[in-house]
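**Q** Everything below, folded, please.
(2 chains)
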Amino acid sequence: DIQMTQSPSSLSASVGDRVTITCRASQSISNYLNWYQQKPGKAPKVLIYTTSSLQSGVPSRFSGSGSGTDFTLTISSLQPEDFAAYYCQQSYSIPLTFGGGTKVEIK
Amino acid sequence: EVQLLESGGGLVQPGGSLRLSCAASGFTFSGYAMSWVRQAPGKGLEWVSTITTGGGNTYYADSVRGRFTISRDNSKNTLYLQMNSLRADDTAVYYCAKHPFEYITSWFDPWGQGTLVTVSS
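**A** So this is what the prediction gives:
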């Protein structure tokens, strides 16, 4: 199974900050890496798929990069509605696996 | 608009059974792979199971294999998860999720609102 390791597990940031979350796979997954946002009490929603493709309707301040084993999600200027949990997920092989999550909190 | 509506969650005793349903609308259900993903209280996301478009192929996490069965009825646009021999660590919100196409190795979009399963005596 492919293990996904996210860091940090939590971070505090201010509105307007640039935020970067990293995700590392235990083996190469090419570009089969997806990012989700989850707000409290809500279902996750996809932000970015296959490393860097922005889901329709997602603000352009979100971006993704990487390949192989190392990936990043960047929020260029954090907005109040971005305070949430973020998860990476590999879609290279079954079992589909998620990172442990990153909780972005208000500083 | 794509909609996924889960039902069937609730409180069940250890060793018991429960059947979850996910009613789909707004898309051609038979054309897409479907999955169940769960989230224990205060924890992260865990993939549970995936089924191909026609239902001929199913895949399970090791933690549920042999106890859970995923199925679908394309004539009713409904996905199911039969859960047997339930344990306390199966307690979670269970989400139904659509894949963007027929391939199972893909992302989940969208997700249903989730249904809570609590396993406790």
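**Q** Those residues of chain A touching chain B, which are they?
**A** Among all residues of chain A, those adjacent to chain B (criterion: CB under 8 Å from any CB of the partner chain) are A:32, A:34, A:36, A:38, A:43-46, A:49-50, A:55, A:87, A:89, A:91-101. Every C-beta, even on glycine, is put in place using the N, C-alpha and C of the backbone.
**Q** OK, contacts around the residue lying closest to residue A:5 once chain neighbours are set aside?
**A** Closest residue in space to residue A:5, ignoring its immediate chain neighbours: residue A:24 at 4.7 Å, by CB to CB, 6 or more residues apart in numbering or on different chains. Shown in contact with residue A:24 (CB atoms under 8 Å, 6 or more residues apart in numbering or on different chains): A:4, A:5, A:6, A:7, A:69, A:70, A:71.
**Q** ok, now which ones touch the last one?
**A** If you count contacts by CB under 8 Å, 6+ apart, residue A:71 has them with A:22, A:23, A:24, A:25, A:33, A:51, A:64, A:65, A:88.
**Q** Write the ChimeraX selection for whichever of the contacts of residue A:24 are buried.
**A** A single ChimeraX command is used to select the members of these judged buried by 16 or more other CB atoms under 10 Å in any protein chain shown:
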select /A:4,6,69,71
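**Q** Spatially central residue for the chain, please.
**A** Since you didn't name a chain, this refers to chain A. Nearest residue to the geometric centre of chain A (CA atoms, centre = their mean): residue A:35, 3.9 Å.
**Q** ah, no, chain B please
**A** Nearest to the geometric centre of chain B sits residue B:36, at 2.8 Å (CA atoms, centre = their mean).
**Q** Look up how far residue B:49 lies from that one.
**A** As for residue B:36, its distance to residue B:49 is 5 Å (criterion: CB to CB, to the nearest Å).
**Q** list the residues that contact both of these two?
**A** By CB under 8 Å, 6+ apart, residue B:36 and residue B:49 have these common neighbours: B:70, B:81.
**Q** Give me the neighbour count for residue B:3.
**A** By other CB atoms under 10 Å in any protein chain shown, 12 other residues sit near residue B:3.
**Q** any idea how far residue A:22 is from chain B?
**A** Distance of residue A:22 to chain B, given as CB to the nearest CB, to the nearest Å: 16 Å.
**Q** number of nearby residues for residue B:113?
**A** Applying other CB under 10 Å, we find 14 residues neighbouring residue B:113.
**Q** repeat for residue A:48
**A** With other CB under 10 Å as criterion, residue A:48 counts 24.
**Q** for it, which residues make a bridge with it?
**A** Beta-bridge pairing for residue A:48 (DSSP bridges): residue A:35, residue A:54.
**Q** tell me which element the residue nearest to residue A:53 when sequence neighbours are not counted falls in.
**A** Spatial nearest neighbour of residue A:53, excluding adjacent residues (CB to CB, 6+ apart): residue A:64 at 8.0 Å. If you go by DSSP states H and E, residue A:64 is part of strand A:62-67.
**Q** Can you list the helices and strands that that strand packs against?
**A** Using 3 or more CB pairs under 8 Å, 6 or more residues apart in numbering or on different chains; DSSP states H and E, the elements in contact with strand A:62-67 are strand A:33-38, strand A:45-49, strand A:53-54, strand A:70-75.
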